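Visitor: Could you work out the structure for the sequence below:
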Amino acid sequence: MLKKNDISLSVVIPVYNEKDSLIPLAEELKNVLDGLGRTYEIIWVDDGSSDGSFDTLRLSADKDNFRVVRFSRNYGQTAAMSEGINSSRGEWIVTLDADGQNDPADIPLLLETALSGGYDVVSGYRKNRRDPFFSRRLPSVIANRIISAVTGVRLRDSGCTLKIYRADLLKSIDLYGEMHRFIPALMHHIGASITEIPVNHRPRMTGRSKYGIMRTFKVCLDLITVKFRGEFASKPAYFFGGMGVFLWIVSAFMKTPSIPVPAYLRKYTLKIILMTILTVFIPAKRSGRCDILNSAKGTMVAVSRMRMAAE
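Guide: Presented below is the predicted three-dimensional model:
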């Protein structure tokens with residue numbers, strides 16, 4: 001049995017109802033990793049599969065290099081990935097999907113890029129993505145641009161699971177919700193160096209996608225959380241105190257009879273409040289930093305337009 005200090009590379013694979021793809025993927029991984037000349041382990045995390053995926057993994061596992069973790073029910077990809085990361089013993093951690101669309105042959109390039117360039121994170125992007133355009137690729141392009149704008153981490157494909165991370169930095173962050181796609185942004189907040197390289201993407205041969213509309217909604221909420229953690233984690237009073245003061249001033253201004261309040265302000269009060277809240281989370285500069293002065297200017301411009309519309 002390999003000891004923790006003897007392992008160079010850990011491969012973490014969340015599994016949810018992917019029985020038919022597991023054995024071919026395991027064989028590919030073994031061939032690629034054996035060729036690296038490094039010690040490794042493969043950690044399969046069964047996220048409450050109901051199709052026999054766990055039995056397939058348990059029966060085919062190589063006890064020296066394979067480890068299988070099983071959840072009692074489906075907790076989601078982030079929880080499965082977090083468990084695999086925390087259970088890993090390698091100096092570097094590679095993550096990839098269990099559906100066979102990520103190509104294990106790209107792992108040596110990810111590792112070489114990290115070692116030669118001194119990067120803490122090397123993220124793959126699916127240059128020739130083999131997914132339906134309208135249902136998968138177009139929403140992904142839009143989401144990637146929003147994520148890059150909000151987090152300040154310019155990646156073309158945040159949703160690509162195939163990545164390599166320096167283990168000690170990766171284990172220092174907490175994952176929950178749908179935050180596995182935001183790991184580079186979270187590591188950027190603690191000073192990690194990040195780059196992106198093109199990787200192969202293969203068509204799905206078995207099973208079906210596990211995506212749904214609720215997942216998109218959760219991702220949007222987690223994006224707000226990531227932005228908050230990056231900008232206000234060490235100074236939450238700046239956000240809550242600032243919003244509290246702003247809302248108190250607005251309420252006092254609107255409720256004081258002696259102060260004449262223009263009709264357009266009364267009509268659009270809620271919109272102004274919501275607009276100000278949103279400008280806290282949207283970066284005002286290309287650098288990704290939130291500039292409160294520029295946010296205030298943007299709100300005042302919007303108020304001026306409302307006044308013109310009302311007139």
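Visitor: And the protein, split by domain according to the record?
Guide: 4-230, 235-310 (automatic domain parsing).
Visitor: Got the confidence number for the closest residue to Asn200 other than its chain neighbours?
Guide: Spatially, and ignoring its direct neighbours in sequence, Asn200 is nearest to Asp103 (4.0 Å; CB to CB, 6 or more residues apart in numbering). Any C-beta I mention is one placed from the backbone N, CA and C, and that applies to glycine too. Note for Asp103: predicted pLDDT of 97.
Visitor: Count the neighbours of Asp103 for me.
Guide: As a burial measure, Asp103 scores 17 neighbours (other CB atoms under 10 Å).
Visitor: contacting residues around it?
Guide: 162, 199-202 (CB atoms under 8 Å, 6 or more residues apart in numbering).
Visitor: Could you say which helix or strand holds Cys160?
Guide: Of the helices and strands defined by DSSP states H and E, none includes Cys160.
Visitor: where does the stretch 101-250 of the chain have low pLDDT?
Guide: 135, 210-217, 233-234, 238-239 (pLDDT under 70).
Visitor: returning to that earlier point: can you add secondary structure, neighbour count and distance to Ala192 and give the contacts of Asp103 back as a markdown table?
Guide: Putting the contacts of Asp103 into a markdown table (DSSP: H, G, I helix; E, B strand; the rest coil; neighbours: other CB atoms under 10 Å; distance: CB to CB, whole Å) gives the following:
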| residue | secondary structure | neighbour count | distance to Ala192 |
| --- | --- | --- | --- |
| Leu162 | coil | 25 | 17 |
| Val199 | strand | 24 | 19 |
| Asn200 | coil | 17 | 25 |
| His201 | strand | 20 | 24 |
| Arg202 | coil | 13 | 28 |
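Visitor: Columns distance to Thr225 on top of these, output as JSON lines?
Guide: Listed next are these as JSON lines, based on distance: CB to CB, whole Å:
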{"residue": "Leu162", "distance to Thr225": "24"}
{"residue": "Val199", "distance to Thr225": "27"}
{"residue": "Asn200", "distance to Thr225": "32"}
{"residue": "His201", "distance to Thr225": "28"}
{"residue": "Arg202", "distance to Thr225": "32"}
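Visitor: For Tyr125, I want the exact helix or strand it lies within.
Guide: Going by DSSP H and E, Tyr125 is in strand 121-126.
Visitor: downstream neighbour of that strand in the secondary structure list?
Guide: Defined by DSSP H and E, the subsequent element after strand 121-126 is helix 138-151.
Visitor: so that following helix versus strand 121-126, what angle?
Guide: 150 degrees (axes from the mean of the first three to the mean of the last three CA atoms, to 10 degrees).
Visitor: CA atoms of the next helix or strand after helix 138-151 as PDB?
Guide: Reading on from helix 138-151 to the C-terminus, the next helix or strand found by DSSP H and E is strand 163-166. Only the C-alpha atoms of strand 163-166 are listed here, as PDB (Å, rounded to 0.1, in the frame of the first residue of the first chain):
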ATOM      1  CA  LYS A 163      -8.000  20.400 -14.400                       C
ATOM      2  CA  ILE A 164      -4.900  19.900 -12.300                       C
ATOM      3  CA  TYR A 165      -4.300  21.600  -8.900                       C
ATOM      4  CA  ARG A 166      -1.500  21.900  -6.400                       C
END
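Visitor: Please name the strands paired to strand 163-166 in the sheet, noting orientation.
Guide: Next to strand 163-166 in the sheet, as set by DSSP bridges, lie strand 92-95 (antiparallel), strand 121-126 (antiparallel).
Visitor: What are the contacting residues of it?
Guide: With CB under 8 Å, 6+ apart as the criterion, strand 163-166 contacts 91-95, 107, 110-111, 114, 120-124, 183-184, 187, 192.
Visitor: Could you give me the buried positions within it?
Guide: By neighbour count on 16 or more other CB atoms under 10 Å, the buried set for strand 163-166 is 163-166.
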